[in-house]
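# need the 3D shape of this:
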Amino acid sequence: MIKAKKQTLILILGALAAIGPFSIDMYLPAFSVISKDLDADIAKVGLTLSSFFIGISLGQLIYGPILDRFGRKIPLQIGLIIYVIACVSSALSGSIEWLITQRFLMALGGCAGMVATRAIIRDIFPVTEIAKIFSMLMLVMGIAPIIAPTVGGWVLTFSNWRVIFYILATFGFLLLLLVQFFLPESKITDKSVSLNPKAIFESYIKVFKIRKFLLFTIAGGTGMAAMFAYIAGSPFVLMKMFHFSEAEYGMLFGLNAFGFILGSQLNRVFLKHFSSLQISKIATIVIVFLGATLTVNSFFPQPNVFIMLASIFMFLLNLGLLAPNTSALALEPFSQNAGIASALIGTLQMIFGALASVAVSTFHNQTSLPMALTMGVCGLFSFISLTFIKNNPR
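Numbers count the residues shown, from 1 in each chain. Next comes the predicted model:
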């Protein structure tokens, strides 16, 4: 593939995969404003986030077989159209109930890009390059959690929360144009793929039973769940316990996101010398150690802030090493059914992430222990999953 065309393709796929992070992070600064404007308490505004996560989880399972049946572009375009319409409808919301519903539809539309991205990479690139491509993709995706909250805050300074959704609608429309004119179709229509509910269920079970797929998906999914635990717990830990201001928290959040990006780019260098499995196993060992460090530090009456910040940064850096490799290895067996496999990877990641977030909230005790322990347990599950892989695939 010509280098310029390859870079253009990665930029488009990265932007498609970033729909989720942008749609979540950009409107977070507006929670209190939305609460006042729609006369709803913060808990109800929080349901707009919950409905989005539910939509992403269900939507990915829906798109998997559709992408395998009809190719990648047409389902992707339909999903983006749904996303744009739901964004505009969200901006026009007159009640919190309507916004909750539209956020669900935003997720149903937007997650098409998340599923299609992984499937397209598996279609186009050789198996030996997939981990490297995922690393390049994360360079684009990783920008979202850094700039999205800043953009959302900037919009609120000069306008109102509804403009945030108009910006997201514009982003979706631009992606629709890029898909139409610059994204090649990577899979022809395959009428042998049945859309009968029973056949779809059987296809998912068939994929789920592939041992390597399951183990690598658990390893990557539980690893990424640690990031959800960090996102859920860090506002309290950093702002309430360690008294960082909102601006300082934003800077730390961006710094840790940079750590994740840095890890994904170091992965491209390491892949020249080590296999994806070797890198993944080393990363999980480091993650287990860092999770234990965070947990032990949390037992002290006054946890050390430097140990906390350094451990979180290095934890996320190693997640940047782990995520692209486990995704690539999980997709490796699927020259067919890549859409279904991609959907299952994404859905399981969201389920693991939701469970980690719930754990942090449920066991909240005014300390950093729930966040630290949940991150550590997630890392341990990731490590254990990889110990069952004996061979050394690239």
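
# any idea whether the residue of the chain positioned farthest from its centre is helix, strand or coil?
What lies farthest from the middle of the chain is residue 301; by C-alpha atoms, centre = their mean that is 33.7 Å. The three-state assignment at residue 301 reads coil, by DSSP: H, G, I helix; E, B strand; the rest coil.

# looking at it, residue 83 is touching residue 16, isn't it?
No - Residue 83 is beyond contact range of residue 16, at 10.5 Å (criterion: C-beta atoms under 8 Å). C-betas here are computed from N, CA, C, even on glycine.

# domains of this structure?
1-182, 191-394 (automatic domain parsing).

# let me have those domains in JSON lines, extended by mean pLDDT.
Below are these laid out as JSON lines (pLDDT from 0 to 100):
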{"stretch": "domain 1-182", "mean pLDDT": "88"}
{"stretch": "domain 191-394", "mean pLDDT": "89"}
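
# circling back: tell me who's in contact with the residue farthest from the centre of the chain.
Residues counted as contacts of residue 301 (C-beta atoms under 8 Å, 6 or more residues apart in numbering): none.

# ok, it to residue 368 distance?
Using C-beta to C-beta, to the nearest Å, residue 301 is found at 12 Å from residue 368.

# now residue 226
Where residue 368 is concerned, residue 226 sits at a distance of 14 Å (C-beta to C-beta).

# okay, the two: which has more neighbours?
residue 226 (32 against 25; other C-beta atoms under 10 Å).

# residue contacts, the more buried one?
Residues in contact with residue 226 (C-beta under 8 Å, 6+ apart) are 287, 291, 315, 319, 356, 374, 375, 378, 379, 382.

# out of those residues, flag the one nearest to residue 63.
Nearest to residue 63 out of the contacts of residue 226 is residue 356 (C-beta to C-beta; 23.9 Å).

# and the host helix or strand of the closest one, what does it pack against?
If you go by DSSP states H and E, residue 356 is part of helix 338-362. Other helices and strands packing on helix 338-362, by 3 or more C-beta pairs under 8 Å, 6 or more residues apart in numbering; DSSP states H and E, are helix 42-70, helix 96-124, helix 197-208, helix 211-234, helix 305-331, helix 369-387.

# so which of those gets nearest residue 78?
Set against residue 78 and scored by C-beta to C-beta, those come closest in helix 96-124, at 7.3 Å.

# list the buried residues for the closest one?
By neighbour count with 16 or more other C-beta atoms under 10 Å, helix 96-124 contains the buried residues 96, 99-124.

# now swap in stretch 256-265 and tell me
Residues of stretch 256-265 classed as buried: 256, 257, 258, 259, 260, 261, 262, 263, 264 (neighbour count, 16+ other C-beta under 10 Å).

# reformat those residues as TSV; add secondary structure and distance to residue 40.
Below are the buried residues of stretch 256-265 laid out as TSV (DSSP: H, G, I helix; E, B strand; the rest coil; distance: C-beta to C-beta, whole Å):
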residue	secondary structure	distance to residue 40
256	helix	31
257	helix	29
258	helix	34
259	helix	35
260	helix	33
261	helix	35
262	helix	39
263	helix	39
264	helix	38
